[in-house]
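Peer 1: mind looking at a prediction? Sequence and model below.
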Amino acid sequence: MNLKSVYETIETLKAEIQTVSTKEDLEQFRLKYLVRKGIVQQMFEGLKTAAPEERPLLGKALNELRQTAQRLFDEKKSQLEQVQTASKGGIDLTIPGRRRPIGTKHPITQALDDMTDIFKAMGFAVALGPEIEDDFHNFEALNFPPDHPARDMQDTFFLDETALLRTHTSPVQIRVMMNQKPPIRHIMPGRVYRNEAISARSYCMFHQLEGLAVDENITFAELKGTLATFAKKFFGSNVRYVFRPSFFPFTEPSAEMDISCFLCNGKGCRVCKQSGWLEILGCGMVDPNVFKAVGYDPEEVTGYAFGMGIDRTALLLYGIDDIRMLYENDTRLLNQFT
Ligand code: DAH
């Protein structure tokens, strides 16, 4: 026994205490080192035969050995006792927590949330309406003539004589106007349904975001300014846009808004069919007949409305090839949006 072997034993002790994980292990440790016949005491015996000049240093080292052994034992003992109290009643509070995977927003929800935030910042409130509608809200009040082809069985899912699945979010305009007086500045996001052949480009259900502003002296210039601001915030500040004349029964005049293709920046690509432009929405000034249907006086108020499809835009934005992928709930797709 010499100084070196005492210090080596201290290191061995430290390594060995790491392997102790049960009360039984700890008892083995105690029997090996801490009892009268144990290693520590044995080494103390060696002090008697050591050379006198070595004794002071050796004695100091041996004391350190004894203290270390006792300290390691005490620490481990209280550690094991804590585990035991914690696991009473079957709950082990020392087990590390399980990681819960963090969910993600569906790309459509994400796109709608982003759009909603932009309009909210411009003073629009959000309104929702039912997905099951009737002919009055979905067509009649929106100035669709009784024989308009959009009412055809091929487009509309009828539930019975009077109920149908809304084919657009425009009926929410009617509900908002019948529920309150101007001024109105609302956006109306939601699901819509059409009985179309399902393909990579179209699905029987999709999403729209509707907008409506009604007040005295609302002009087409305000409509343009609002939509241009939206387009620059959502698609990027260097996006270009054009308003083309169009027709909708519930607006007069009507227009469609195209933006410069954000994939090729207007140069022409497969997605914009080489035109450099993408159609993103329909809009116009609210038709006087619509105001009459909801009991507003078209001589007193004017307004604008717009409606855009979300799904195709989201497909382009996120580079998804097939609209059906949005509704398969395949986590391999959804996980890419964390
Ligand atoms: N409802 C129309 C559609 O589904 C979109 C639309 C066009 C809404 C013009 C509007 C609008 O509010 O002013 O195709």
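Peer 2: Great, that's in hand.

Peer 1: find the residue at the geometric middle of the protein.
Peer 2: Nearest to the mean C-alpha position of the chain, by C-alpha atoms, centre = their mean, lies K105 at 2.6 Å.

Peer 1: and the gap between it and the ligand?
Peer 2: Distance of K105 to the ligand, given as C-beta to the nearest ligand atom, to the nearest Å: 24 Å. Where C-beta positions appear, they are placed from N, C-alpha and C, glycine not excepted.

Peer 1: name the nearest residue to whichever residue of the stretch 101-250 of the chain sits closest to the ligand, ignoring sequence neighbours.
Peer 2: Residue of the stretch 101-250 of the chain nearest the ligand, by C-beta to the nearest ligand atom: H168 (3.3 Å). Once flanking residues are discounted, H168 sits nearest to V192: 5.3 Å by C-beta to C-beta, 6 or more residues apart in numbering.

Peer 1: wait, that neighbour sits on V172?
Peer 2: No - the criterion here is C-beta atoms under 8 Å, and V192 misses it with V172 at 10.3 Å.

Peer 1: which of the residues in stretch 159-174 are buried?
Peer 2: Residues 164-174 are the ones in stretch 159-174 that count as buried (16 or more other C-beta atoms under 10 Å).

Peer 1: among these, name the ones in strands.
Peer 2: 164-165 (DSSP state E).

Peer 1: out of the buried residues of stretch 159-174, flag the one nearest to F262.
Peer 2: Nearest to F262 among those, counting by C-beta to C-beta, is T169 at 23.5 Å.

Peer 1: so for that closest one, what's the pLDDT?
Peer 2: You'll see T169 listed with a pLDDT of 98.

Peer 1: V83 now?
Peer 2: 76.

Peer 1: and it, what helix or strand is that in?
Peer 2: Per DSSP states H and E: V83 is located in helix 55-86.

Peer 1: re the thing from before, I figured the residue of the stretch 101-250 of the chain closest to the ligand hits L209, correct?
Peer 2: No - judged on C-beta under 8 Å, H168 makes no contact with L209 at a distance of 10.9 Å.

Peer 1: list residues touching both of those two?
Peer 2: Counting by C-beta atoms under 8 Å, 6 or more residues apart in numbering, the residues touching both H168 and L209 are G307.

Peer 1: ok, the residue of the stretch 101-250 of the chain closest to the ligand - contacts?
Peer 2: 138, 192, 208, 210, 307.
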